[in-house]
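Enquirer: Sequence below, structure please.
(one chain, ligands or ions: 2)
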Amino acid sequence: MPVLPPNTIVGKYRIDNLVGVGGMGEVYRAVHVQNGNVVAVKSLNNDRESGTALARFRNEAIIQFNLRHPNVAELYEYVDYPGRPCIVMEFVEGQTLHDLVRQEKGLPPARALEILAGVCDAVAYMHVKGVMHRDIKSENIRIAADGTAKLLDFGIAVGKSTPALTRAGHVIGTLQNLAPEQVRGLRGDARSDVWALGVLMYEMLTGNMPFDNADSGKVARNILEVRYTPASEVKPGIPKRTERLISGCLLAKPEERFATAGILLREVQRARRPKPPGLGVVRIGSREVPVLHAAIGVAVAILLAGYLVILIGLLTHREPVPAGRPTTMIQRTLGVAAGTGLLNSFGDIRLKGRLPDGRGSLNRAQSARPSLSRDRQGAVSPKRLSTPGTECHNQSRRKELSCFHS
Ligand SMILES: Nc1ncnc2c1ncn2[C@@H]1O[C@H](COP(=O)(O)OP(=O)(O)O)[C@@H](O)[C@H]1O
Ligand SMILES: [Mg+2]
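Expert: Numbering: from 1, shown residues only. Ligands and ions are numbered 1, 2, ... in the order given. The predicted structure is shown next:
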């Protein structure tokens, strides 16, 4: 039997039917008696109207009244109905995210990301205003008829003007959604909401809670040790970058998590963007590298290897000279194409070979720079070179000079 039976008049509204029951009270669908607008009326439980419950209910109304966001149910007014204070707010037709996730046994990643983006946007907006929700869970989110996620239930939210309503060391919230610091009885901060957003994403993707057990002691231990089965093991096919959103929220140390819901939102939006067509990733060891980056890396490696081969060739080049022919002078700088740098370093000429008249061999270095010239194609050709006892001429305009003992 609902506390407020149908047709009860609460302020300007006529109660229609009960739509939900929570820890603090009941929520009804109601209709404005004059203009017919449909609203939700949340009334505080009669037996809960202790000083603290009332103070908390008023705090809920003040916090929600000061929030204007497309992903937050809008609060219209506070009605002091005798013995049952009520808040009147936007009625969110549809179902709770909890029911949707259980019905679908987990949502497709794209849909889960869309919902998470909306909730994150609302939480980021609240954090900027200095408000922490502290009870982010699928039961407190409704999916409106047009698919929009609406955040509800600011019953334990805290803002800048919230009085101290919780005793120190007293755990508040829903155990399965609590961050390790909250399990330890600490107050937590915006990063505890970031943890809860990670739990929510896991639940949406898998249909299960990451920390779930009939034994609440075990749940608390698993939260403190951050022990959970990765979402992709529960439900294969979850993209890595989507799963990384969960692991970036579910970290024991608050300072290691996404620092704010705003930062998490940016990552969610990035994960929602489609990958550029035709470009995938390749695995190198344990890392995923975009194909484009890998291709650039391979091209650079090939170029460097080619350069090294040319260099080694230049440094080790020895050209045999057949006996009997005029001594050939070999220019060590084979790599004209390798450019001026090489030429400057190795721009010497080595006279090498046997002298034609059988008077011994020749293997002598000589700087060719003074007599080097370039032809129109850029090829370097010493035209004429004389060393003591040897006379050389360029006959073919190639890299070889004919040298004669003089
Ligand atoms: N604005 C609303 N429109 C439609 N249903 C609502 C609305 N607010 C709450 N409800 C329903 O009532 C249930 C209890 O509301 P909630 O604010 O979470 O109460 P509690 O603080 O007691 O947990 C919710 O799970 C939701 O299904
Ligand atoms: Mg609730």
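
Enquirer: Could you report the neighbour count for A61?
Expert: Look at A61: counted by other C-beta atoms under 10 Å, it has 21 neighbours. Any C-beta I mention is one placed from the backbone N, CA and C, and that applies to glycine too.

Enquirer: Please apply the same query to the one 10 residues further on.
Expert: Residues contacting N71 under the criterion other C-beta under 10 Å number 20.

Enquirer: L224 - nearest residue in space that isn't next to it in sequence?
Expert: Once flanking residues are discounted, L224 sits nearest to P180: 5.1 Å by C-beta to C-beta, 6 or more residues apart in numbering.

Enquirer: Flag the shaky bits of the stretch 51-200 of the chain, pLDDT-wise.
Expert: Within the stretch 51-200 of the chain, the stretches with pLDDT under 70 are 165-171.

Enquirer: Could you rerun that using 90?
Expert: 51-56, 82-83, 160-174, 187-188 (pLDDT under 90).

Enquirer: Residue of the stretch 201-350 of the chain closest to ligand 1, please.
Expert: Nearest residue of the stretch 201-350 of the chain to ligand 1: E203, at 14.9 Å (C-beta to the nearest ligand atom).

Enquirer: Kindly apply the preceding question to the stretch 151-300 of the chain instead.
Expert: For the stretch 151-300 of the chain, C-beta to the nearest ligand atom, closest residue to ligand 1: D153, 3.5 Å.

Enquirer: on that earlier part again, which element, helix or strand, includes the residue of the stretch 201-350 of the chain closest to ligand 1?
Expert: For E203, the host element (DSSP states H and E) is helix 190-206.

Enquirer: how about whichever helix or strand comes after that helix: buried residues?
Expert: Counting by DSSP H and E, the next helix or strand C-terminal to helix 190-206 is helix 216-224. Residues V219, A220, N222, I223 are the ones in helix 216-224 that count as buried (16 or more other C-beta atoms under 10 Å).

Enquirer: roughly how far apart are the residue of the stretch 151-300 of the chain closest to ligand 1 and K105?
Expert: Separation of D153 from K105 (C-beta to C-beta, to the nearest Å): 25 Å.

Enquirer: Verify the stated contact: L100 with L107.
Expert: Yes. Using C-beta atoms under 8 Å, L100 is in contact with L107, at 7.4 Å.

Enquirer: re the thing from before, can you give me every residue that contacts the residue of the stretch 201-350 of the chain closest to ligand 1?
Expert: V101, S138, M209, P210 (C-beta atoms under 8 Å, 6 or more residues apart in numbering).

Enquirer: and the longest helix seen in the chain, average pLDDT?
Expert: Longest helix in the chain by number of residues (criterion: DSSP state H): helix 291-316. In this model, helix 291-316 has a mean pLDDT of 82.

Enquirer: Show me what it is packed against.
Expert: Contacts defined by 3 or more C-beta pairs under 8 Å, 6 or more residues apart in numbering; DSSP states H and E place helix 291-316 against strand 281-284, helix 340-346.

Enquirer: That helix: how far from the chain's middle?
Expert: 33 Å (C-alpha atoms, centre = their mean, to the nearest Å).

Enquirer: that's a strand at K42, yeah?
Expert: Yes. Assessed by DSSP: H, G, I helix; E, B strand; the rest coil, K42 belongs to a strand.

Enquirer: now it: how far from ligand 1?
Expert: The gap separating K42 from ligand 1 is 6 Å, by C-beta to the nearest ligand atom, to the nearest Å.

Enquirer: What of V33?
Expert: Distance from V33 to ligand 1, counting by C-beta to the nearest ligand atom: 19 Å.

Enquirer: what about that residue, how many neighbours?
Expert: Counted with other C-beta under 10 Å, V33 comes out at 12.

Enquirer: Pop out the phi and psi values for it.
Expert: Per-residue torsions, V33: phi -70, psi -30 (degrees, to the nearest 10).

Enquirer: Identify the residues contacting the residue nearest to it when sequence neighbours are not counted.
Expert: Among residues not flanking V33 along the chain, R14 sits closest, at 5.4 Å (C-beta to C-beta, 6+ apart). Contacts for R14 (C-beta under 8 Å, 6+ apart) come out as N7, T8, A30, V31, V33.

Enquirer: can those go into JSON lines with extra columns for secondary structure, distance to C249 and pLDDT?
Expert: Converted to JSON lines, the contacts of R14 look like this (DSSP: H, G, I helix; E, B strand; the rest coil; distance: C-beta to C-beta, whole Å; pLDDT from 0 to 100):
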{"residue": "N7", "secondary structure": "coil", "distance to C249": "45", "pLDDT": "97"}
{"residue": "T8", "secondary structure": "coil", "distance to C249": "42", "pLDDT": "96"}
{"residue": "A30", "secondary structure": "strand", "distance to C249": "37", "pLDDT": "98"}
{"residue": "V31", "secondary structure": "strand", "distance to C249": "40", "pLDDT": "98"}
{"residue": "V33", "secondary structure": "coil", "distance to C249": "45", "pLDDT": "97"}
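
Enquirer: Close to ligand 2: what parts of the protein are there?
Expert: Counting by C-beta under 5 Å from the ion, the chain comes close to ligand 2 at G22, N140, D153.

Enquirer: so the nearest residue to G207 once chain neighbours are set aside, which of the three states?
Expert: Spatially, and ignoring its direct neighbours in sequence, G207 is nearest to G106 (3.6 Å; C-beta to C-beta, 6+ apart). The local conformation at G106, judged by three-state DSSP, is coil.

Enquirer: Dihedrals phi and psi, G106?
Expert: The phi/psi pair for G106 (degrees, to the nearest 10) reads phi 100, psi 140.

Enquirer: Test my guess that A220 contacts V183.
Expert: Yes. Judged on C-beta under 8 Å, A220 makes contact with V183 at a distance of 5.2 Å.
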